[in-house]
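Below are the sequence and a predicted model for it; my questions follow.
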Amino acid sequence: MTLKRPKGPAGTLVVLEHASRILKDNRLGDPHVRKLAVWLPPQYDDGARNRRFPVLYDLVGFTGSGLAHTNWKPFGDNVPERAARLIHERKMGPVILVFPDCFTALGGNQYVNSSAIGNYADYLTREIVPFVDHEFRTLARREHRGCFGKSSGGYGAMIHGMKYTKYWGAVANHSGDAYFDFIYWADWPNTLNELARHRVPKRRAGTYGARRESGRRGLSEGLDDGRIRRFLAHVWNKEKLSMAEGHCLMNLCMAASYDPDPKAPLGFRVPFNLETGEVIGKRWSRWRAHDPINLVEKYRGNLKSLRGIYIDCGWRDQYHIQYGSRILSKRLAAAGVRHVYDEFDDNHSDVDYRMDVSLPFLYRALRP
């Protein structure tokens, strides 16, 4: 067996601990003290000690955590190794990489502010960014700071490029969530089926009073009748989730991200009646208000101020995100927003190799 050999100096991975005021006392009870990994390029300690560097923030996908991208990876590079190789090959210059931990009890978040999960947009921009700028020799201006990610992380990068351009100068979006009418709607019947396992009372064969059942306990308003709470208690007591349970948890995480309501039993509402599957228009409109394809015109000025926007997707994406990515690219072009959009003969899984394109792209956009 031939082991992969590193190319060039490896750089230095530093793991710090950060106590967040913003995440403290979040509704899910998630820890507010988090590990924060920061990778320093080999050039950080070479030569001039006053040299400063551009910074890239890695926003991981659903069920991920920043530290996971620094782990050993079979048959490929983890993110620090990839950056070190690209720098050694002179495909990009030296940058600092930051790996924040934004995991939650719902499996992650969408890097937005939510009373149901936590204010993760503020956590990143108002706490982690100044913390990193204080601790390391960064080029501490938006023109030299970018973020990138895949799936939920790609969505987060795109949303931050739209809403938080005070902090970011360039973004890269790998297969980020877009066109919610396609990518989320289609999976909600499976989510409803999974939640039905936790319905009380349990179903019995025979006559079903559809009008009565669909109108009970606020179901027509997107409220939980107890089955969501029981489902969450069930999965939180497991170490291994089934695929159906994982996708159900993901949709609940999206609901908590896109439609939080402090007055609701769990702090958020769902967009479909849990019994009949009927869409609840007011609730679904809350989701659509977070869809990147519907935000281009609103944030056109912010997007045009970015120094670089990179988007890609596989044209066999199992969540059909290529369609949303194409719409997003089309609307960016119509708004006069310069960007790069690439497609690959691939699906949604194991796409880190595309960082060989996106990381040099971000460096070129952010270099001093």
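It's in. Keep in mind that what you see is a predicted model, and the values were worked out from it rather than measured.

Surely residue 65 and residue 102 touch.
Yes. With contact defined as CB atoms under 8 Å, residue 65 counts as touching residue 102 (7.5 Å). For every residue, glycine as well, the C-beta is placed using N, CA and C.

Of these two, which one has the most company?
Each of residue 65 and residue 102 has its neighbours counted (other CB atoms under 10 Å); residue 102 has more, 25 against 18.

check contacts around residue 184.
177, 251, 254, 287 (CB atoms under 8 Å, 6 or more residues apart in numbering).

quick one: which of those is most hemmed in?
Going by other CB under 10 Å, residue 254 tops the contacts of residue 184 with 29 neighbours.

So what's the residue count around residue 165?
Count around residue 165 with other CB under 10 Å applied: 18.

Report the two of the contacts of residue 184 separated the most.
Pairwise distances across the contacts of residue 184 (CB to CB) peak at 11.8 Å, for the pair 177 and 251.

Return the subset of the contacts of residue 184 lying in helices.
In this view, the contacts of residue 184 that belong to helices under DSSP state H are 251, 254, 287.

how about stretch 231-238: buried residues?
231, 232, 235 (16 or more other CB atoms under 10 Å).

any idea how far the second one lies from residue 84?
Residue 232 sits 40 Å away from residue 84 when distances are taken as CB to CB, to the nearest Å.

what's the offset of the worst-scoring helix or strand of the chain on mean pLDDT from the middle of its chain?
Within the chain, confidence by mean pLDDT, DSSP states H and E is lowest for helix 210-214 among all helices and strands, at a mean of 84. The chain centre lies 36 Å from the centre of helix 210-214; the measure is CA atoms, centre = their mean, to the nearest Å.

which other residues reach stretch 347-366?
54, 56, 73, 76-77, 79, 82-83, 86, 91-93, 95, 143-146, 148, 150-151, 169-170, 172, 174-175, 306-308, 310, 312, 314, 316-319, 321, 340, 342, 344.

Helices along this structure, start to end?
Using DSSP H, helices in the chain cover 79-88, 120-122, 129-135, 152-163, 180-183, 188-196, 210-214, 227-236, 243-258, 281-288, 300-305, 321-334, 355-366.

The third one: which residues count as buried?
Applying a neighbour-count criterion of 16+ other CB under 10 Å, one finds 129, 131, 132, 133 buried in helix 129-135.

Would you mind writing the CA trace of that helix as CSV?
Extracted C-alpha coordinates of helix 129-135, given in CSV (Å, rounded to 0.1, in the frame of the first residue of the first chain):
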residue,chain,number,x,y,z
VAL,A,129,-14.1,37.4,13.4
PRO,A,130,-12.8,40.0,15.9
PHE,A,131,-11.5,37.2,18.1
VAL,A,132,-9.4,35.8,15.3
ASP,A,133,-8.3,39.2,14.2
HIS,A,134,-7.1,39.9,17.7
GLU,A,135,-5.3,36.6,18.2
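
average pLDDT across that helix?
The average pLDDT for helix 129-135 rounds to 98.

which outside residues touch that helix?
So helix 129-135 is contacted by 16, 18, 36, 38, 55, 57, 96, 98, 138, 140, 145, 167 (CB under 8 Å, 6+ apart).
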